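K.L.:
build me a model from this:
(one chain, ligands or ions: 1)
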Amino acid sequence: MSDEDVVTYEVVDQVARVTLNRPEYRNAQNSKMTYALDAAFQRATDDDAVKVIVLAGNGKHFCAGHDIGTPGRDVDQTFERKAVIWWDHTDKEGGDQRFARESEVYLGMCRRWREIPKPVIAQVHGACIAGGLMLAWACDFIIASDDAFFSDPVVRMGIPGVEYFAHPWVMNPRAAKEFLYSGDRFTADRALALGMVNQVVPAEELESTVSALAGRIAQMPRFGLALTKKAVNQAEDLQGMRAGMDSVFGLHHFAHAHNAETSENALGGLDAKSMAAKARENEGKEQG
Ligand code: ZN
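P.N.:
A predicted model of the protein is given here:
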């Protein structure tokens, strides 16, 4: 493992551990990380010795979201186009560029990972924000430590939630509205009460709890697990998740376009720094 590895991979007892590894940036997800994740998931899928996959984050946090502010941010980079078939976005402008990019690296990739034919467990601690939610939600279920917190603050940018719009399905619609309208952090316990996470455990027991559960699941037959995953995913899609996400993706891109027309960029003139400042302002209001 080198410092260059933005995602690390190891297999222990039939369980592949895929770990986000940009701890200095709270595991903010850039395209390099997206494709490293995809390669790790492909490797775990191809390896018959792997029965279960765990997605975790190195450092203090699971994932602070899409990379909208580190030196490794890479909006204009050419990428492989694995999740959708489309033309190269890098020499295009406006919505032509943005729609292609987000269809591939955000919505498309999360959908592709949701369909990995092996159980995937998200092991979440610390921050799980915006793009981090997309990673955790694309997993089959979430085991959280008691210090985990969840938020989607992108309504501050005038955008109706992150690209993988699972909110009304992973929690109830009223909770989804509160989550989005307020941008508030939901604690692990709140997320548990809403059914968004499966278990909350003390931070020091997180990894061992996940490993033990993954070990039990690994005793099940590989093909049986794959069919069962498909069965539940199909039921979720029949409840409208897939079609709902497609329709919201249009609203999402309408919001980006509106921002691009009326402010300095498609994010409403905001970046990682100003988003964090606004979140702090809001927390101050909550407390006092
Ligand atoms: Zn977007």
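K.L.:
phi, psi of the nearest residue to Leu20 once chain neighbours are set aside?
P.N.:
Spatial nearest neighbour of Leu20, excluding adjacent residues (C-beta to C-beta, 6 or more residues apart in numbering): Asn27 at 4.0 Å. All C-beta atoms are positioned from the backbone trio N, CA, C, and that covers glycine. Backbone torsions of Asn27, given as degrees, to the nearest 10, read phi 60, psi 30.
K.L.:
same question, His66
P.N.:
Dihedral angles of His66 (phi, psi; degrees, to the nearest 10) stand at phi -70, psi 150.
K.L.:
what about the residue nearest to Leu20, distance to Arg111?
P.N.:
Remark: distance between Asn27 and Arg111 (C-beta to C-beta, to the nearest Å) = 21 Å.
K.L.:
which one of the two has more residues nearby?
P.N.:
With other C-beta atoms under 10 Å as the criterion, Asn27 and Arg111 differ in neighbour count, and Asn27 comes out ahead with 30 against 15.
K.L.:
confidence score at that one?
P.N.:
The model reports Asn27 with a pLDDT of 95.
K.L.:
in contact with it, which residues?
P.N.:
Contacts of Asn27 were listed using C-beta atoms under 8 Å, 6 or more residues apart in numbering, and they are Leu20, Asn21, Met33, Gly57, Asn58, Gly59, His61, Phe62, Cys63, Ala64, Gly132.
K.L.:
please tell me how far the second one sits from Leu133.
P.N.:
Think Asn21. Separation of Asn21 from Leu133 (C-beta to C-beta): 19 Å.
K.L.:
more neighbours: these two, which one.
P.N.:
When neighbours are counted by other C-beta under 10 Å, Leu133 comes out ahead of the other of Asn21 and Leu133, with 28 against 21.
K.L.:
verify the stated contact: that one with Phe165.
P.N.:
No: contact criterion C-beta atoms under 8 Å: Leu133 and Phe165 do not qualify, at 10.3 Å.
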